[in-house]
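Asker: Structure here, sequence nowhere to be found:
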RNA sequence: GCCUCUGUGGCUUAGCGGUAUAGCGGCUGAUUCGUAAUCAGCAGGUCGGGGGUUCAAAUCCCCCCGGAGGCUCCA
């Protein structure tokens, strides 16, 4: 049985004309209307004839379940043949419909639309996520058949569901834990001892245990550190970034770009908005409905990109590409990518509606080259996150693929677990539901056991065809490449979220939080004890080739030191008479300090300079984006 | 989208039917200071917006608009 459940403000129908299979009906049955109803469009299928009672039970169970969730007291049962191409006999269908009606009628106000009649109907869909659900139900012993995924795009205003209404099926997932020795374990039986984070991740992915009792700690940190904040003048999930946040983002963006140049990627720039009616894009969009911002421009209907795929694939389509150029890599630092995520999912920097995503695509000659590239990019992603400050121990790996791909590439997939030297979560599908046959993600598990994806690579076997992307092979024939999608770090904002959450966990465990030195907005804070030490403080600051500032405000040393600590500044230098005499400086090193036990070391300015240069070697650098003198700095919060 | 909670000066916040609290920050003055908050003074609010109940509303009720959490979703 195919079941489509719509939580509606109202549903009404009127019988127009009978079909040859029409059931006989009374006059009162010719029209019907229910307010605040769960409407169940039902198509009884051939396979259901083998066990009518079981089908009725299962359908009743699904309807009860959803009706309970949406708190609907009224249920409209609506026979809808168009949901299936393999219908049962009318006799069985009527029997099933009546059976369902009878089973529900005790607990709900149930109405049933007549079977076998052409009916005019109007329905107003409430539009919340639970308001549109489809279910495929099969009798015992029969395998589920995946219907072709077709999509119904909800209208903004009152919606009239038409003939085009069809179901969007969901793929069945098989979950496993893959250990580095190549064994697939059941997620229920696997011993998670020593892999507590993986356990949290698995719970998050499979059990959907996501209740949380407090706001994630990075939200307060992002504000206190003057990195980012909510912008009430914009849409939710569109953040403002203060100078320190912009600096951190800029450094991260530059770093990811540099790393991708190293593997041969060409940086490009593509438009933010696209024509909704463009035939190729329309087809692509139809697979992922209702998640993009749309805007009206004159009479054209545009949408904002949710990745760089559109622009890069359209560019690839127009290019002349020889096999000699493959693998061909292009990257764009998308500022921004837009996704109209559901309101309740937006928290701090974890999930945004406008975010900066490095998006790299690699065109490969064939699956073999794609797999080689996948492996190389898997390792690249590990290295990128490591240098950002997110280590292998800080994330959990998920690998997702089709059963066919796994059977052809068992050793290769096992190797992914070997590389990270720990068990990984595996999700397998019988049929390919998405555009990829293989993907991995690195999932950061935060202080509240919520998981979110950072780096990812996917092997796309669908879009070369859809976008008409070709390369000319050695034999002079145009062929379709296999395309890899890769985000080496994941969204830049999400990296910042990860770093802040990681440091929040460090604080909870009795550590001293800080950002990597190369990302710290102020790397050295110089604190003169009084006005007369200002000149020497200036001299010290001038000798340091990094982001130095001077706290020249009229406050006590104690207060200035406290504020430097609250800003997580890696090196704090107090300048007084002693330093002016010896020429040496007293440096508090945050990385080596413990709570209430600062580590203070006497050294020369040259030594401090050398230390910082070696710590930040090979990483991007930008100057201080704020006034050097704290006394003239504005406060953002 | 739905459910729950929430909205008091730039920030954090007390008050929850009877003239609006305090701290931080800001400004002014004093202090020139050796490692987690120097002292004093001043300015700053039609308590998110609109409507209603009441002699009286920040406080109770209704509608709207922000914000947070949950559900759901997550290429």
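Answerer: That came in fine, so what should we check first? Bear in mind the structure is a predicted one, so any value in this text is a computation, not a measurement. Residues are numbered from 1 along each chain as shown, chains lettered A, B, ... in the order given.
Asker: Tell me the spacing between the closest residue to residue A:30 other than its chain neighbours and residue A:26.
Answerer: Leaving aside its sequence neighbours, residue A:30 sits nearest to residue A:15 (CB to CB, 6 or more residues apart in numbering; 4.4 Å). Using the backbone N, CA and C atoms, a C-beta is placed for each residue, glycine as well. Look at residue A:15 and residue A:26: by CB to CB, to the nearest Å, they are 11 Å apart.
Asker: same thing with residue A:63?
Answerer: Using CB to CB, residue A:63 is found at 24 Å from residue A:26.
Asker: ok, those two, which is more surrounded?
Answerer: Neighbours per residue (other CB atoms under 10 Å) separate residue A:63 from residue A:26, with residue A:63 holding more: 24 against 7.
Asker: how far does the lengthiest helix in chain A sit from the chain's center?
Answerer: As assigned by DSSP state H, the longest helix anywhere in chain A is helix A:367-388. Distance of helix A:367-388 from its chain centroid, counting by CA atoms, centre = their mean, to the nearest Å, is 19 Å.
Asker: How about that helix and RNA strand B, any contact?
Answerer: No - using CB under 7 Å from any atom of the strand, helix A:367-388 stays clear of RNA strand B, coming no nearer than 13.8 Å.
Asker: Ramachandran coordinates for the residue positioned nearest the centre of chain A?
Answerer: Centroid-nearest residue in chain A: residue A:453, 5.8 Å away (criterion: CA atoms, centre = their mean). Dihedral pair for residue A:453: phi -80, psi 140, per degrees, to the nearest 10.
Asker: likewise residue A:22?
Answerer: According to degrees, to the nearest 10, the main-chain angles of residue A:22 amount to phi -60, psi 140.
Asker: ok, back up a step: for the longest helix of chain A, name the packing helices and strands.
Answerer: Here helix A:367-388 touches helix A:243-262, strand A:354-364, helix A:410-420, strand A:436-445, strand A:451-460, strand A:482-487, helix A:492-508, going by 3 or more CB pairs under 8 Å, 6 or more residues apart in numbering; DSSP states H and E.
Asker: contacts for the helix or strand just after that helix?
Answerer: Moving toward the C-terminus from helix A:367-388, the next helix or strand (DSSP states H and E) is strand A:395-402. Contacting residues not belonging to strand A:395-402 are listed as A:178, A:197-198, A:201, A:205, A:385, A:413, A:416-417, A:420, A:422, A:424-432, A:437-445, A:451, A:453-454 [CB atoms under 8 Å, 6 or more residues apart in numbering].
Asker: Go again with 7 Å.
Answerer: A:178, A:197-198, A:201, A:205, A:385, A:413, A:416, A:420, A:424-429, A:432, A:437-445, A:454 (CB atoms under 7 Å, 6 or more residues apart in numbering).
Asker: Phi first, then psi, for the residue nearest to residue A:471 when sequence neighbours are not counted.
Answerer: In this structure, residue A:471 finds its nearest non-sequential neighbour in residue A:321, 4.1 Å apart by CB to CB, 6+ apart. In terms of degrees, to the nearest 10, the main-chain angles of residue A:321 are phi -130, psi 130.
Asker: so residue A:321 makes contact with residue A:328?
Answerer: Yes - using CB atoms under 7 Å, residue A:321 is in contact with residue A:328, at 6.2 Å.
Asker: ok, those two, which is more surrounded?
Answerer: Between residue A:321 and residue A:328, residue A:328 has the larger neighbour count (other CB under 10 Å), namely 22 against 16.
Asker: for the more buried one, what are its contacts?
Answerer: A:321, A:362-363.
Asker: With distance to RNA strand B and pLDDT added, can I get those in a markdown table?
Answerer: Formatted as a markdown table, the contacts of residue A:328 follow (distance: CB to the nearest atom of the strand, whole Å; pLDDT from 0 to 100):
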| residue | distance to RNA strand B | pLDDT |
| --- | --- | --- |
| A:321 | 23 | 97 |
| A:362 | 15 | 98 |
| A:363 | 17 | 98 |
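Asker: Relative to residue A:472, how far out is the residue nearest to residue A:471?
Answerer: Separation of residue A:321 from residue A:472 (CB to CB) stands at 7 Å.
Asker: ditto for residue A:73
Answerer: For residue A:73, the distance to residue A:472 - CB to CB - is 64 Å.
Asker: what's the answer for residue A:584, then?
Answerer: From residue A:584 over to residue A:472 (counting by CB to CB), the distance is 67 Å.
Asker: ditto for residue A:520
Answerer: Counting by CB to CB, the gap from residue A:520 to residue A:472 is 49 Å.
Asker: Between these two, tell me which one has more neighbours.
Answerer: Using other CB under 10 Å as the criterion, residue A:520 and residue A:472 rank with residue A:520 on top: 25 against 15.
Asker: Wait, the more buried one touches residue A:571, no?
Answerer: No - with contact defined as CB under 7 Å, residue A:520 does not reach residue A:571; the gap is 9.0 Å.
Asker: Find residues that contact each of the two.
Answerer: Contacts common to residue A:520 and residue A:571, judged by CB under 7 Å, 6+ apart, are absent.
Asker: How about stretch A:31-50, which residues are buried there?
Answerer: Residues of stretch A:31-50 classed as buried under the neighbour-count rule (16 or more other CB atoms under 10 Å) are A:32, A:34, A:36-45, A:47-49.
Asker: which of those lies closest to residue A:117?
Answerer: residue A:32 (11.6 Å; CB to CB).
Asker: That closest one belongs to a helix?
Answerer: No - looking at residue A:32 with DSSP: H, G, I helix; E, B strand; the rest coil, it is strand, so not inside a helix.
Asker: That one bridge partners, please.
Answerer: residue A:13 (DSSP bridges).
Asker: so it sits right up against residue A:15, yeah?
Answerer: No - look at residue A:32 against residue A:15 with CB under 7 Å: they stay out of range, at 9.1 Å.
Asker: just to revisit the earlier point, do you know how far the residue nearest to the centre of chain A is from residue A:614?
Answerer: Distance, residue A:453 to residue A:614, using CB to CB: 33 Å.
Asker: and if you look at residue A:403?
Answerer: According to CB to CB, residue A:403 stands 49 Å off from residue A:614.
Asker: So those two - more neighbours on which side?
Answerer: residue A:403 (13 against 9).
Asker: Say whether RNA strand B is contacted by the helix or strand containing the residue nearest to residue A:30.
Answerer: Assigned by DSSP H and E, residue A:15 falls within strand A:2-18. No - residues of strand A:2-18 are not located near RNA strand B by CB under 7 Å from any atom of the strand, the shortest gap being 8.2 Å.
Asker: Rounded mean pLDDT for that strand, please.
Answerer: Average pLDDT, strand A:2-18: 79.
Asker: Now do the buried residues in it.
Answerer: Applying 16+ other CB under 10 Å to strand A:2-18 flags A:2-8, A:10-13, A:15 as buried.
Asker: Not counting residues beside it along the chain, what's closest to residue A:497?
Answerer: Excluding the flanking residues, the one nearest residue A:497 by CB to CB, 6+ apart is residue A:349, at 3.9 Å.
Asker: Distance of that neighbour relative to residue A:498?
Answerer: Residue A:349 is 9 Å from residue A:498, by CB to CB.
Asker: show me the contacts for residue A:5.
Answerer: A:38, A:40, A:66, A:133.
Asker: burial of the third one, as a residue count?
Answerer: Think residue A:66. 21.
Asker: doesn't it fall inside a helix?
Answerer: Yes - applying three-state DSSP, one finds residue A:66 inside a helix.
Asker: excluding its backbone neighbours, what's nearest it?
Answerer: Excluding the flanking residues, the one nearest residue A:66 by CB to CB, 6+ apart is residue A:5, at 5.1 Å.
Asker: what is the one you found paired to in the beta sheet?
Answerer: residue A:40, residue A:133.
Asker: Report the separation between it and RNA strand B.
Answerer: In this view, residue A:5 and RNA strand B are 12 Å apart by CB to the nearest atom of the strand, to the nearest Å.
Asker: Sounds good, over and out.
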